Structure formats: C-alpha cells, structure tokens
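In: how would this look folded up:
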Amino acid sequence: MTEMTAEVVTEVRGRVGCITLNRPKALNALSLGMVRSLMATLLAWQKDDQVLAVAIRGNGREGPFGAFCAGGDIRFLHAAGSSGNPQLEDFFTEEYALNHLIHTFGKPYIAFMDGIVMGGGMGISQGGTLRVVTERTKMAMPETAIGLFPDVGGGYFLSRCPGRVGEWLALTGDTIGAADAIAFQLADGFLPCGELGAVWEQLGSQPFSDGKAVQDFVASKFVAAGACQVSAGAQIDQYFGLDGVPAIIAALEAAPGEWERATAATLRKRSPLMLHVVLEQIRRARGMGLADDLRMERDMVRHCFYLRPGQSETIEGIRALAVDKDHSPQWAPARIEDVTPAVWQPFFDSPWPVHAHPLAPLRD
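Out: As a prediction, this is how the structure comes out:
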C-alpha cells in the first residue's frame, strides 16, 4: 500500500516501511506538513507488527536519491518569525518530538543519506540505527551562518563526536563527506550511490525474519569509504578545546597555518552572538541525555526569535542568505570580542516552568 502527499511518499513493501521525501526542488527541506506526515507514519509503524524496520531516502531532481534533506524550510521560518505566525512554535516543537521518536523508535531505522544532509536532515537521520552515506554525501550543521544553532538534537549528537570535532562542526558549519562522517561517528557505513536503487528494491522482496535481518542485509552491502578528507584532527582538538570563542579565534588568527587562517575567516563570517551560544550548547549537551538536550534546544530556539525584539539574529541571517540574498548580515554585536555573557547566557533560561514545557513528556 502506497500513500502519497505532495511532499512525503510512504509505502510498506514486504515487511519494511519505506519513506521517500518528495520535495526535490527544495532539496527536501522540511515543512511543517512533512514533519506531521513523518510523525504520523512512524507512530503507526511503531505499533504495526507487520513492519519490521523503516528505511528513509530523499528524491533528487532527477529521481530517487541524489538529495536527502537540506534542513528546515528557512523561508517559512523567516516569514513566520517576522509575522508572529504561531506555526513557528508548532514547527520546532513537533520537529524536535519527531527527532526524539526516531532516536527511541525501537525498530531498525535505516537512513540513506545520499547527497545533501544538513540541519533538519541530520535530525531525521542521526537517530537511525543504520546511517548510510555515499560519495555524494555533503553533511553539515551550518546554522551559525543564519544566526541559529545546530538544533534537532545537534547538541546531543555533535557533542558525542570524537575529541572536539563537535565544537568545530557546530561553530564553523563546515561540510564533510562520507569518510569523515564515518570517522566522526555521524554515519555507519558507505554504499556507492550506483548501488542504492538495487538495495532499496531488495528491501521489499527479501524474506526477512526480523528487523535485525533487514539492517544486517543493508550493512552487508557496505564497502570501504576511502581516506578521510580532513587531516586536521589534532588542530581541531587544539583550538576547539580552548575555553571560549574569543580564545579560539585569537589562537587561530595567531597561527601561521593555512587551515587555521581559513577556519578563522569562516568564524568571522558567522553570527558572533550565536558562536558563543553554540559553544555553550555543545559543552552543556555532553552531559545531557537526548530528551534534556532537546528541551534545552527548544528553549534556545524560542529565544532566537523572541529574546531580543527587532534584533533576532536568525531572522537577519535568513534574510541575508535566502530572502534578500545580499550575503551581508548585520550581526549584533558585530564582533566576537564584543559579545558579553549578559547577552548570550539568557539563551539558556527556559521560558517555561518544567511541567509546562512543550517537550515535557519526552523521556530517554
């Protein structure tokens, strides 16, 4: 049986629930409708004994695969945040609840992360029990470029990368490929993109005995991903383990290396305020379970839009990148060195009492 909306296609093939994100012109960026469709489908399949496992992919512009999910629909976020549309609040609450469900689903959840996997795309894949990457995978949490932070559980999964890789990925928003994703524990195995279609088709025709057999079948197709593209592990730990953002940028700018210069230049383009917020987020999240991290991120995202009326870094960042496209955001404060604790610390104050938090029911 196949069910199709404009943006999500769901089908049970054999004993496997198959999901295809179907918004290729927008690189499958998640709308509120898509979040709701995914949530309803997964809740139904979680209780359905006929569904042994779930597989998810994205449609590219030329057919299946080629693009997984570029994140949330940032144009919607800009419009909703600028106009006071209450669906902005619904989007984040429901998206984070979906992320939590995927992490705690209880059945194998196999994410085919071909093509672009960013932001919200990480949120619907990192909780999977098998995360598949290809030579076309472009993975990032680039939120500091739009005055946001790596949400959708980003604090949780980035903080669990080796060493200080989480701080580096969160602050810079740099893009990594398949081999690095596996090395940094953000993916489980590599499949050449030319083999994805055959594996996907076989999911519906193999006589699987249980969910583990589905997952083992896909994992049996993995091949070596090749060498890591990033050889800066020591530098990442050296710089991104420092006490604060001003110390990180000062050390990078004082160093003679090309990697250091490029990394410092990237950080200088990001929202200075959100760099401070993000460093604190990643370091707090290291000691948190997923549910507490998502509650913290829900607090933070409320503040991103409403803590400073008329001065939302997120609305300004999206304006510069995706609306006016002038690529000249007017960050406030304008420099890393001008951000004081009094400006960034309130992002971690919850606007809700514990019992009334919109994600209060979540449990690890």
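
In: ok, K221 - how many residues close by?
Out: 16 (other C-beta atoms under 10 Å). For the C-beta atoms, the positions are set from N, CA and C on the backbone; glycine is no exception.

In: got any ranges where the stretch 251-364 of the chain has weak pLDDT?
Out: For the stretch 251-364 of the chain, not a single residue meets the criterion pLDDT under 70.

In: Kindly report the same for the stretch 1-150 of the chain.
Out: For the stretch 1-150 of the chain (pLDDT under 70), the answer is 1-5.

In: ok, 90 please
Out: For the stretch 1-150 of the chain, the stretches flagged by pLDDT under 90 are 1-6.

In: And the helices in it, which stretches?
Out: 32-46, 74-83, 87-103, 120-123 (DSSP state H, counting those that start in this stretch).

In: Contacts for the third one, please.
Out: Yep, that's helix 87-103 we're talking about. Residues from elsewhere that reach helix 87-103 (C-beta atoms under 8 Å, 6 or more residues apart in numbering): 30, 32, 35-36, 38-39, 42-43, 46, 72, 76-77, 80-81, 109, 120, 123-124, 126-128, 151-153, 290-291, 294, 297-298, 301-302, 305, 358-359, 362.

In: and F208, which of the helices of the stretch 1-150 of the chain is closest to it?
Out: F208 lies closest to helix 32-46 among the helices of the stretch 1-150 of the chain, at 14.8 Å (C-beta to C-beta).

In: That closest one to helix 87-103, inter-axis angle?
Out: Relative orientation of helix 32-46 and helix 87-103, computed by axes from the mean of the first three to the mean of the last three C-alpha atoms, to 10 degrees: 30 degrees.

In: Report the buried residues of stretch 220-240.
Out: For stretch 220-240, the neighbour count (16 or more other C-beta atoms under 10 Å) marks K221, A225, C228, V230, A232, G233, Q235, I236, Q238, Y239, F240 as buried.

In: what about K325, neighbour count?
Out: K325, neighbours per other C-beta under 10 Å, totals 9.

In: That one should be in a strand, yeah?
Out: No: using DSSP: H, G, I helix; E, B strand; the rest coil, the secondary structure at K325 is coil, not a strand.

In: Same list (the helices of the stretch 1-150 of the chain) but as a markdown table, adding distance to T172 and mean neighbour count.
Out: Converted to a markdown table, those look like this (distance: least, C-beta to C-beta, whole Å; neighbours: other C-beta atoms under 10 Å):
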| stretch | distance to T172 | mean neighbour count |
| --- | --- | --- |
| helix 32-46 | 27 | 18 |
| helix 74-83 | 19 | 18 |
| helix 87-103 | 22 | 21 |
| helix 120-123 | 15 | 28 |
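
In: Run through the helices of the stretch 151-300 of the chain in chain order.
Out: 154-159, 165-172, 178-183, 196-203, 211-219, 233-240, 245-254, 258-269, 272-285, 290-306.

In: C-terminal to the longest one, what's the next element?
Out: It refers to helix 290-306. Counting by DSSP states H and E, the next helix or strand C-terminal to helix 290-306 is helix 313-318.

In: Outside of whichever helix or strand comes after that next one itself, list whatever touches it.
Out: Elements were assigned by DSSP H and E; along the chain past helix 313-318, the next helix or strand is helix 341-344. Helix 341-344 has contacts (C-beta under 8 Å, 6+ apart) with L273, H276, V277, E280, P333.

In: just stretch 204-223 next, same as before
Out: By C-beta under 8 Å, 6+ apart, the list of residues contacting stretch 204-223 reads 13-16, 18, 52-53, 55, 107-108, 110, 129-130, 132, 188-192, 195, 199, 202-203.
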